[in-house]
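Student: what's the 3D shape of this:
(chains A and B)
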Number of protein chains: 2
Amino acid sequence: MVKTEVDFTYRSKATLTAMKNRGLLLTSVSQDGKPNAMAIGWGLLGTIWRKPIFLTLVRPARFTHKLIEETGEFVVNVPTAKMADIVNYCGTVSGSAHDKFREKKIRIVPGTKVKVPSIADCPVHYECKVIYKLKIDPSTLFGDIKELYKDGEYHTLYFGEILATYAEKT
Amino acid sequence: MVKTEVDFTYRSKATLTAMKNRGLLLTSVSQDGKPNAMAIGWGLLGTIWRKPIFLTLVRPARFTHKLIEETGEFVVNVPTAKMADIVNYCGTVSGSAHDKFREKKIRIVPGTKVKVPSIADCPVHYECKVIYKLKIDPSTLFGDIKELYKDGEYHTLYFGEILATYAEKT
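Tutor: Next up is the predicted model:
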């Protein structure tokens, strides 16, 4: 199906629901053009600094962290329910050791505003450029969230300005 | 119209659209029970730490900042288009000097999971408890965002766990 450029709010409900229920696919790319994909279940969507923003959280040990640090870009892809196997795979193996695209026959399309490719079979993409980042500050964590960081691997929060949103018109 | 408890994603598209186009109303309350409301145009909605989250940004000079620091709670209310005058007023005067509820005849209803009241005429409310906060770090700001902080008043980012969402069923 053909995708067209839409406002970031257009499929926001479907995006937040999919993220909560089955995860989204975040793509990134190395400086020499090799793409990677990871599954994400955490993220926020909205407006800050008068810009549309997708906030994603990535642990420093992830290969994706290295790629976003290098390029300052990422794409959030919303998979269909049928793509659960791909989401699961991308959440299990590391792009440092696997070419997930080849192994799972994931078709990509070039980004229009970023160098990061999008996943062709996902009906919605958000092309993002990092405009701000913060690290989780261990000194201000409390309660059951603190329990999630027992390994000391504190997320980087990447505030991605959504430069373009593409969606299949429903 | 009667509101019922719904999943936080239920009216998410309308919430993000209203925030972008005309602003939302954030309510808070002092320790002795006096409510306040401010207009917000910036915020993010989604899932982090396996919890529904509304992230709001408040400058330390705001009266709301003092109240959230005291109570750790806030409510995000989505106004109708007819309430533009109230949003404008709540974005113009400070709750430290004005009782906006009396002056604008804003009707409130008690929170169910938080001490902060909701605004009765808003069709959607998110009752939130702060579970994490971070301050904007001036050392990592760049580009046109940095220009927004010329006064040195850096926002506090409040990550509010959405304890309950209420909406009119459409």
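Student: For the residue at minimal distance from the centre of chain A, give me phi and psi.
Tutor: Residue closest to the average C-alpha location in chain A (Cα atoms, centre = their mean): A:L26, at 2.7 Å. Per-residue torsions, A:L26: phi -100, psi 120 (degrees, to the nearest 10).
Student: same question, A:A164
Tutor: phi -160, psi 140.
Student: what about it, how many residues close to it?
Tutor: Neighbour count for A:A164, taken as other Cβ atoms under 10 Å in any protein chain shown: 18. For the C-beta atoms, the positions are set from N, CA and C on the backbone; glycine is no exception.
Student: repeat for A:F63
Tutor: 18.
Student: ok, now A:A61?
Tutor: 10.
Student: ok, and the closest non-adjacent residue to it?
Tutor: Sequence neighbours aside, A:E153 is the residue nearest to A:A61 in space, at 5.6 Å (criterion: Cβ to Cβ, 6 or more residues apart in numbering or on different chains).
Student: hmm, back to that, is the residue nearest to the centre of chain A bridged to anything, and to what?
Tutor: Beta-bridge pairing for A:L26 (DSSP bridges): A:M38, A:V76.
Student: those helices in chain A, which residues are they?
Tutor: Listed from the start of the chain, chain A has helices (DSSP state H) covering A:12-21, A:63-71, A:84-90, A:100-103, A:143-147.
Student: Can you say which of these is packed in most?
Tutor: A comparison of these by mean neighbour count, using mean count of other Cβ atoms under 10 Å in any protein chain shown, puts helix A:12-21 on top with a mean of 21.
Student: Show me which residues of chain A sit near chain B.
Tutor: Residues of chain A that fall close to chain B, judged by Cβ under 8 Å from any Cβ of the partner chain: A:8-10, A:12-13, A:16-17, A:19-20, A:41-50, A:52-53, A:55, A:57, A:131-134, A:136-137, A:140-145, A:148, A:157.
Student: In strands only, show me the residues you listed.
Tutor: A:43-48, A:52-53, A:55, A:57, A:131-134, A:157 (DSSP state E).
Student: Low-confidence regions, chain A specifically.
Tutor: In the prediction, chain A carries no residues with pLDDT under 70.
Student: can you rerun that using 80?
Tutor: A:1, A:170 (pLDDT under 80).
Student: so what's A:K20 closest to, chain neighbours aside?
Tutor: B:T47 (4.9 Å).
Student: Count residues in the vicinity of the one you found, would you?
Tutor: Neighbours of B:T47 (other Cβ under 10 Å): 21.
Student: quick one: it and B:I53 touch, right?
Tutor: Yes - B:T47 sits in contact with B:I53 when judged by Cβ atoms under 8 Å, with a separation of 6.5 Å.
Student: Need the overlap of contacts for those two.
Tutor: Common contacts of B:T47 and B:I53, defined by Cβ atoms under 8 Å, 6 or more residues apart in numbering or on different chains, comprise A:L44.
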